[in-house]
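Visitor: Below: sequence and its predicted model.
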Amino acid sequence: MSPMKAIKVFRDLLSFLTIIPVGGKEDFIFTTAQNMWLFPVVGGLIGILGGLYYLASSAIVAFLLGLANSYIALPIALLSTAIPAAMTIAFLLVLTGLQHFDGLIDLGNAVGLRNLHERKMKAHAWAVTGAGAVLALAVEAAAFLGLFLVNPAFAFAAIVLAEVSAKLAMVTIVWIGKPSHKGLGSIFLAKAKKNLNTVAYLLSVLIVYPVFYVKDHPLLGLVAVALVFVSVPVALIMNKVSNSVFGGVSGDMIGATNEVTRATTLILFAVMLMLGVVA
């Protein structure tokens with residue numbers, strides 16, 4: 001791949017997965033689908049941005065809470081962890097343009113209408129309904145809870161891990177899935193280079209292991225590698241759900257898989273830390 005083509009590919013991937021204004025070309029969807037094996041790399045970048053945002057918001061919130069605590073007693077320890085966690089999850093949703101969040105809503109709508117088969121595929125056009133909103137908010141609440149429970153010393157690395165894992169799950173569901181109908185999802189399932197998808201798994205390991213190893217916790221690096229592959233069973237489950245609800249994988253289901261995997265990874269990492277699996 002020539003340098004110019006590599007720049008175009010990376011720019012198109014950013015245009016699709018984030019709202020960063022990098023000026024992707026009109027064919028960016030096809031370029032993105034063909035190079036989906038690079039999703040974990042973009043996930044790593046999104047994770048780094050999210051991690052930096054978490055660190056910055058933590059510092060600002062701690063300062064403001066310190067000032068406010070001079071006038072009124074506040075649960076500093078609770079708020080100094082909860083507020084940055086909530087702000088970071090919100091930041092990640094905004095950074096990705098809420099497109100994956102929208103996928104959760106559409107999935108919830110379709111599940112709520114699962115007994116009305118002819119209306120399932122119309123769920124994408126519906127306004128936000130109770131089922132869609134409940135599912136979306138529950139998943140994001142789980143992501144918040146996971147980040148909230150993670151030791152702040154490991155939060156930056158945990159965010160990178162979660163984003164890489166989420167993008168690897170997207171690659172996996174596209175690899176194993178069948179299209180539900182003609183649309184964005186079918187473009188990805190048709191254009192994604194299946195043989196290169198295996199590289200996504202290697203890239204994921206190469207990204208997350210160094211992020212954790214630099215903390216001088218070799219075992220934690222291995223735990224991170226294990227957790228990034230949690231994306232595989234999550235994608236398998238989401239594929240089964242998608243086949244049941246939509247009759248195949250849609251673009252919204254790919255996005256919903258991203259959100260569910262992020263939340264699952266953060267929760268599992270927090271639990272492993274709390275159980276003392278790693279010191």
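Guide: Perfect, I can see it now. Residues are numbered from 1 along each chain as shown.

Visitor: who touches residue 57 in this structure?
Guide: Residues in contact with residue 57, defined by Cβ atoms under 8 Å, 6 or more residues apart in numbering, are 83, 84, 87, 88, 91. Bear in mind the C-beta positions are built from the backbone N, C-alpha and C, glycine included.

Visitor: and the second one, what pLDDT?
Guide: So the one you mean is residue 84. The per-residue pLDDT reported for residue 84 equals 97.

Visitor: part of a helix, is it?
Guide: Yes: membership of residue 84 in a helix is supported by DSSP: H, G, I helix; E, B strand; the rest coil.

Visitor: Verify the contact between it and residue 63 for me.
Guide: No: between residue 84 and residue 63 there is no contact under Cβ atoms under 8 Å: 12.0 Å.

Visitor: Compare these two (neighbour count), which wins?
Guide: The neighbour comparison of residue 84 against residue 63 (other Cβ atoms under 10 Å) goes to residue 84, with 25 against 11.

Visitor: Now do that one against residue 21, distance only.
Guide: Between residue 84 and residue 21 the computed distance is 26 Å (Cβ to Cβ, to the nearest Å).

Visitor: how about the helix or strand hosting residue 268 as CSV, C-alpha atoms only?
Guide: For residue 268, the element it lies in under DSSP states H and E is helix 251-274. Written as CSV, here are the backbone C-alpha positions of helix 251-274 (Å, rounded to 0.1, in the frame of the first residue of the first chain):
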residue,chain,number,x,y,z
GLY,A,251,-25.6,-1.9,9.8
ASP,A,252,-27.3,-1.0,13.0
MET,A,253,-26.6,-4.4,14.5
ILE,A,254,-22.9,-3.9,13.8
GLY,A,255,-23.0,-0.6,15.6
ALA,A,256,-25.0,-2.1,18.5
THR,A,257,-22.3,-4.8,18.8
ASN,A,258,-19.7,-2.1,19.3
GLU,A,259,-21.6,-0.6,22.3
VAL,A,260,-22.4,-4.0,23.9
THR,A,261,-18.8,-5.1,23.6
ARG,A,262,-17.4,-1.9,25.1
ALA,A,263,-19.7,-2.2,28.2
THR,A,264,-19.0,-6.0,28.6
THR,A,265,-15.2,-5.4,28.4
LEU,A,266,-15.2,-2.6,31.0
ILE,A,267,-17.4,-4.6,33.4
LEU,A,268,-15.2,-7.7,33.1
PHE,A,269,-12.0,-5.7,33.6
ALA,A,270,-13.4,-4.0,36.6
VAL,A,271,-14.5,-7.3,38.1
MET,A,272,-11.1,-8.9,37.5
LEU,A,273,-9.4,-6.0,39.3
MET,A,274,-11.9,-6.2,42.2
